[in-house]
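# Show me how the following folds:
(4 chains)
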Number of protein chains: 2
Amino acid sequence: MAEPRTLEPEQWELWSDWMEAQRLLARELDRDLQRDHGISKAEFSVLVTLHRAAEGRMRVSELAESLAWEKSRVAHQLTRMESRELVDRTEDRSGRRVGIGLTAKGRGVVEGAILGHADNIRRYFFDALTPEQAEAIHTWSRQVIDRVNDRASSAPVRR
Amino acid sequence: MAEPRTLEPEQWELWSDWMEAQRLLARELDRDLQRDHGISKAEFSVLVTLHRAAEGRMRVSELAESLAWEKSRVAHQLTRMESRELVDRTEDRSGRRVGIGLTAKGRGVVEGAILGHADNIRRYFFDALTPEQAEAIHTWSRQVIDRVNDRASSAPVRR
DNA sequence: TGCTTAGAGTTGTCACGTCAACTTCGACGC
DNA sequence: GCGTCGAAGTTGACGTGACAACTCTAAGCA
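Numbers count the residues shown, from 1 in each chain, chains lettered A, B, ... in the order given. Got it, this is the predicted structure:
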């Protein structure tokens, strides 16, 4: 009854195939986004988030929260995107940092990309998916998210 | 009956949850590997591959084939790992490039890491998985792999 | 007023991954 | 021999992502 210390071949195969599928899928979507709209997946995520909350400007911390990214990652990403004129940062003159907003260029790009990207997700992901698979994957995804988050919050192993 | 140009909210939620689960899972596994064994997932993959084919040394192209990585990625990875003394490259003195091999340090690290990593995969992935989910995910993963590979080979859109 | 502290944001460093350009070397044909 | 062609491998540039250290400001309090 001892815990096996290694994975069964069958498990290993599932694991490898899963990781591989993931990787290929992400890469294809990335490439399409890059080719058709000139932006990366990370840039797309930022643009979509800004576009959704579009009346106003967002703060870095709101972006980080909404994307579930580390703040430093957001800051680096914004620096790059600012230099490409997809977003702008309102200067914190004498006090308040008003936040991040889309440039006209950023808005144009994201509005085109949303449609194309949705098509690609449908083509690569949903078209190869039966309802049962969708259900299984969704349920499992939520389990993993909960499990990882639980462990992260209950594991102050890092001091 | 027109094609919807955007995803249904339900589809979008599945997609986001799935991407999120993936990302969290990979990050957790990475962190554990880093903390417990001092190596990254990429380094682990290389070490395992070398360890499996362990009598001899491998060539860069064999590694690339076996890992399904681009050759430049392998070369960069080996450069980093060589500087950390996990692998060594046999010099191509006057002719043959004999290939890549594990150092003693590399061998020690990977033999420890294999066990711990398997435990973590089981904990994060398989313990949250019913047989039906496993079946659905495996089937779907293979579909995606085939689909992407088909498209890649049948789409010489790039000139 | 002045001190301290927490949060927001930035920056540096390093590893990872892709693409393109480059070098080298073996194979093949003349 | 000589050219050239392609595969193997390397390198550089660049974007990405994680982590840690740093600055600055706002709050809170003596």
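# Send me the strand or helix carrying A:F44 as PDB with only the CA atoms.
In this structure, A:F44 sits in helix A:41-52 according to DSSP states H and E. Extracted in PDB, the C-alpha atoms of helix A:41-52 (Å, rounded to 0.1, in the frame of the first residue of the first chain):
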ATOM      1  CA  LYS A  41      -0.700  37.500 -25.700                       C
ATOM      2  CA  ALA A  42       0.500  39.400 -22.700                       C
ATOM      3  CA  GLU A  43      -0.100  42.700 -24.500                       C
ATOM      4  CA  PHE A  44      -3.500  41.500 -25.600                       C
ATOM      5  CA  SER A  45      -4.400  40.700 -22.000                       C
ATOM      6  CA  VAL A  46      -3.500  44.100 -20.800                       C
ATOM      7  CA  LEU A  47      -5.300  45.800 -23.700                       C
ATOM      8  CA  VAL A  48      -8.400  43.800 -23.200                       C
ATOM      9  CA  THR A  49      -8.500  44.600 -19.500                       C
ATOM     10  CA  LEU A  50      -8.100  48.300 -20.100                       C
ATOM     11  CA  HIS A  51     -10.700  48.100 -22.900                       C
ATOM     12  CA  ARG A  52     -13.200  46.400 -20.700                       C
END
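# near chain B, anything from it?
No - Helix A:41-52 lies out of reach of chain B by CB under 8 Å from any CB of the partner chain, never closer than 9.4 Å. Bear in mind the C-beta positions are built from the backbone N, C-alpha and C, glycine included.
# Just the buried positions in the helix or strand that that helix is followed by, please.
Where DSSP H and E defines the elements, the next helix or strand beyond helix A:41-52 is helix A:60-67. By neighbour count on 16 or more other CB atoms under 10 Å in any protein chain shown, the buried set for helix A:60-67 is A:V60, A:E62, A:L63, A:A64, A:S66, A:L67.
# Also stretch A:84-93?
The neighbour-count check on stretch A:84-93 (16+ other CB under 10 Å) flags A:L86, A:V87, A:D88, A:R89 as buried.
# Low-confidence stretches in chain A?
For chain A, the stretches with pLDDT under 70 are A:1-5, A:54-56, A:91-98, A:151-159.
# cutoff 90 now
Across chain A, residues meeting the criterion (pLDDT under 90) sit at A:1-36, A:38, A:52-59, A:68, A:83-85, A:88-101, A:114-159.
# which non-adjacent residue is nearest the spatially most central residue of chain A?
With distances taken as CA atoms, centre = their mean, A:S45 lies nearest the centre of chain A, 5.7 Å away. Distance criterion CB to CB, 6 or more residues apart in numbering or on different chains; nearest residue to A:S45, sequence neighbours excluded, is A:L67 at 5.9 Å.
# got a list of what A:D32 touches?
A:G116, A:H117, A:N120 (CB atoms under 8 Å, 6 or more residues apart in numbering or on different chains).
# Please narrow those residues to those residing in strands.
Within these, no residue falls in strands by DSSP state E.
# Columns neighbour count and distance to A:F126 on top of these, output as TSV?
Formatted as TSV, the contacts of A:D32 follow (neighbours: other CB atoms under 10 Å in any protein chain shown; distance: CB to CB, whole Å):
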residue	neighbour count	distance to A:F126
A:G116	15	15
A:H117	22	13
A:N120	17	10
